[in-house]
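Asks: give me the fold of what follows.
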Amino acid sequence: MRGFQNAKRMQIMTEKTELVPNSLEGFDVPAAIDRMLGREDLWWEALCLFLQHFANWEAEWSAAQGDDAAERRCVHALRSGAANVGANQVSCAAAVLEELLLVRLSGKAVMIPPSVRGYLRDCWRTAHGAAAQANYRYCLKMAG
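Replies: Just a heads-up that it's a prediction; the model follows:
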């Protein structure tokens, strides 16, 4: 029985490996998988958790704007989560906004150009859409 379970696990892992996208807009998938010790199955799990955890991120971020501390926490969480799954554009855009918010929180008057938030929003939408689409294709393939 144990041999059958191991064979089934290897089959599932092989299927997951075949489903890892070669490219995903806004992501560096190979680098993310490398950070996960080459475990593509972990990347899929992380991507799924990323989608679940940040499902309402844009609305939460919008509600946090005007409260620099709350917005920084929201942006910081996204920056970290995005970096974990290889969404480097989102992570970098979030890092820029987070740094500006930290400067403001230190008591310095600094204006945040609307383009900074606009760029983060655009990067987020692109990466979230690409991740959701990849996850959907993955679920379809696993179900069929």
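
Asks: so what touches the helix or strand encompassing Ala77?
Replies: Here Ala77 sits within helix 68-85, counting by DSSP states H and E. Here helix 68-85 makes contact (C-beta atoms under 8 Å, 6 or more residues apart in numbering) with 27, 32, 35, 43, 46-47, 50, 53-54, 57, 60-61, 64-65, 88, 90-91, 94-95, 97-98, 101-102, 104-105, 120, 124, 127, 131. Bear in mind the C-beta positions are built from the backbone N, C-alpha and C, glycine included.

Asks: try stretch 24-38
Replies: Residues contacting stretch 24-38 (C-beta under 8 Å, 6+ apart): 20-23, 39-40, 42-43, 46, 84-90, 123, 126-127, 130-131, 134.

Asks: OK, contacts around Leu97?
Replies: With contact taken as C-beta under 8 Å, 6+ apart, Leu97 is in contact with Val75, Ile112, Val116, Arg117, Leu120.

Asks: tell me how far it lies from Gln65.
Replies: Distance, Leu97 to Gln65, by C-beta to C-beta, to the nearest Å: 10 Å.

Asks: any common contacting residues for these two?
Replies: Residues touching both Leu97 and Gln65 by C-beta under 8 Å, 6+ apart: Arg117.

Asks: list the buried residues in the lengthiest helix in the chain.
Replies: Ordering each helix of the chain by length in residues (DSSP state H) puts helix 114-143 first. Within helix 114-143, the residues that count as buried by 16 or more other C-beta atoms under 10 Å are 116-117, 119-120, 123-124, 126-128, 130-131, 134-135, 138.

Asks: against which helices or strands is it packed?
Replies: Judged by 3 or more C-beta pairs under 8 Å, 6 or more residues apart in numbering; DSSP states H and E, the packing partners of helix 114-143 are helix 2-19, helix 40-53, helix 57-64, helix 68-85, helix 88-105.

Asks: Ala143 is nearest to which of those?
Replies: Among those, helix 2-19 comes nearest to Ala143, with 11.4 Å by C-beta to C-beta.

Asks: contact partners for Phe50?
Replies: Applying C-beta under 8 Å, 6+ apart, the residues near Phe50 are Gly81, Ala82, Asn84, Val85, Ala87, Ala131.

Asks: what about the residue lying closest to His53 once chain neighbours are set aside, neighbour count?
Replies: Computed as C-beta to C-beta, 6 or more residues apart in numbering, the closest residue to His53 that is not its neighbour in sequence is Gly81, at 6.4 Å. Close neighbours of Gly81, defined as other C-beta atoms under 10 Å, add up to 19.
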